[in-house]
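K.L.:
missing the sequence, but the structure's below:
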Ligand SMILES: O=C(O)CCC(=O)C(=O)O
Ligand SMILES: [Fe+2]
């Protein structure tokens, strides 16, 4: 493993910010206690429905015959390439106009500003998840993981997911290990072997901020007082979780197509200049990166199909975002 860029010695050994002992009287108390929180109604049901429709139209724009009303078309050959049954981060998707609009919803930005105590934020260039119920050509097994390298101590990244479709117990969705963020350091004081999951990224992908847990590790967290919960959400809800929280997503088994967008924001001051420069360059190239806004900036790269770059690859979004100072600041292109 190469060094963890953007992590100073000081930040390896302690939190980047300290929240100890503070109470807020809102969802932030839950967040600091359990490692996650749900911000209800961060966008209106109407806006959520707009984003849901944009996502479906985006899938259809590839002209591969995907029809949201015809289950016989719910197969890989009718869809652009996705990961884990519905995660889309290639094809310049992460820079579609509607994706930027969702990131910039006032209450989405406000949630992150309130959490971090600053308006000077960077946003991740991560994608969306559109998972189809009972898609026949998919295999799936739980993939409990954290998106933070065990070497990074403290709360360094907060991930978010903005939900657009009704999301009950049978629907595809996010499972979180309540309380696990607090046990992150304790768990990794021992040498731990990552799970050889069938979907684990190849070592050359060098996913440094990912640790896949084994089944016995899930039990370890439960034995230490944590609880695995499936989030149930209404359209417009935003879930935020500390990247040290164990989590994974399950596929839908009901009738509803899962429709969410990932959105993560961290303070601009967490970033070093080199990473911000790289981020700005990737923004100009309409590239996707990871869930991390301020470091761990890696080019997503083109979508692969059958070992070759998908001929349907796009290097520009269908609809480009409307550039504003605020957008460019969040993207790391313009200084605060
Ligand atoms: O889609 C989800 O609910 C979670 C996917 C995931 O692991 C992530 O966003 O880090
Ligand atoms: Fe994750």
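P.N.:
Here it is on my side, so go on. These numbers were taken from a predicted model, which means no experiment stands behind them. Ligands and ions are numbered 1, 2, ... in the order given.

K.L.:
Next, count neighbours for residue 169.
P.N.:
9 (other C-beta atoms under 10 Å). No exception for glycine: its C-beta is placed from N, CA and C like everyone else's.

K.L.:
Over to residue 121?
P.N.:
Counted with other C-beta under 10 Å, residues neighbouring residue 121 total 22.

K.L.:
so it sits right up against residue 112, yeah?
P.N.:
Yes. Residue 121 lies in contact with residue 112 (C-beta atoms under 8 Å); the separation is 5.7 Å.

K.L.:
between these two, what contacts are shared?
P.N.:
Here residue 121 and residue 112 have 265-266 as joint contacts, going by C-beta atoms under 8 Å, 6 or more residues apart in numbering.

K.L.:
How about the contacts made by residue 297?
P.N.:
Residue 297 neighbours (C-beta under 8 Å, 6+ apart): 275, 278-279, 282, 289-290.

K.L.:
redo that, cut-off 7 Å
P.N.:
The neighbours of residue 297, taking C-beta atoms under 7 Å, 6 or more residues apart in numbering as the test, are 275, 278-279, 282, 289.

K.L.:
Strands of the stretch 1-150 of the chain, start to end?
P.N.:
36-39, 87-88, 121-123, 128-131, 145-146 (DSSP state E, counting those that start in this stretch).

K.L.:
Not counting sequence-adjacent ones, nearest residue to whatever residue of the stretch 51-200 of the chain ends up closest to ligand 1?
P.N.:
Ligand 1 sits closest to residue 174 of the stretch 51-200 of the chain, with a gap of 3.4 Å, by C-beta to the nearest ligand atom. Spatial nearest neighbour of residue 174, chain neighbours left out: residue 231 (4.8 Å); criterion: C-beta to C-beta, 6 or more residues apart in numbering.

K.L.:
what's near enough to touch that neighbour?
P.N.:
Neighbours of residue 231 in contact, by C-beta under 7 Å, 6+ apart: 38, 173-174, 176, 239.

K.L.:
Report the residue spans of the chain with pLDDT below the cut-off.
P.N.:
Along the chain, the model assigns pLDDT under 70 to residues 1-14, 202-207.

K.L.:
Tell me where it has helices.
P.N.:
Ranges of helices within the chain are 9-13, 27-34, 45-60, 97-103, 106-116, 184-187, 215-223, 273-284, 325-330, based on DSSP state H.

K.L.:
For ligand 1, see how far away the closest residue to residue 146 other than its chain neighbours is.
P.N.:
Closest residue to residue 146 apart from its sequence neighbours, by C-beta to C-beta, 6+ apart: residue 211 at 5.2 Å. Distance of residue 211 to ligand 1, given as C-beta to the nearest ligand atom, to the nearest Å: 12 Å.

K.L.:
for residue 211, what are its contacts?
P.N.:
Taking C-beta under 7 Å, 6+ apart, we find residue 211 in contact with 145-146, 150, 194.

K.L.:
In PyMOL, how would I select just the buried ones from those?
P.N.:
Of the contacts of residue 211, the buried ones go into a single PyMOL selection, burial set by 16 or more other C-beta atoms under 10 Å:
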select buried, resi 145+146+150
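
K.L.:
Is it possible to get TSV of the contacts of residue 211 that adds distance to residue 98?
P.N.:
Listed next are the contacts of residue 211 as TSV, based on distance: C-beta to C-beta, whole Å:
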residue	distance to residue 98
145	28
146	29
150	36
194	35
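
K.L.:
Around ligand 1, pick out the residues from this structure.
P.N.:
Selection of the chain residues close to ligand 1 by C-beta under 6 Å from any ligand atom yields 129, 147, 159, 161, 174, 247-249, 262, 291.

K.L.:
coming back round to it: now do the contacts for the residue of the stretch 51-200 of the chain closest to ligand 1.
P.N.:
For residue 174, the contacting residues are 161, 231, 239, 247, 249, by C-beta under 7 Å, 6+ apart.

K.L.:
Now do the first one: how many residues are near it, please.
P.N.:
Meaning residue 161. Using other C-beta under 10 Å, the number of residues around residue 161 comes to 25.

K.L.:
same deal with residue 219?
P.N.:
11.

K.L.:
how far away is it from ligand 1?
P.N.:
20 Å.

K.L.:
I figured residue 236 was touching residue 46, is that so?
P.N.:
No. At 8.8 Å, residue 236 does not count as touching residue 46 under the criterion of C-beta atoms under 7 Å.
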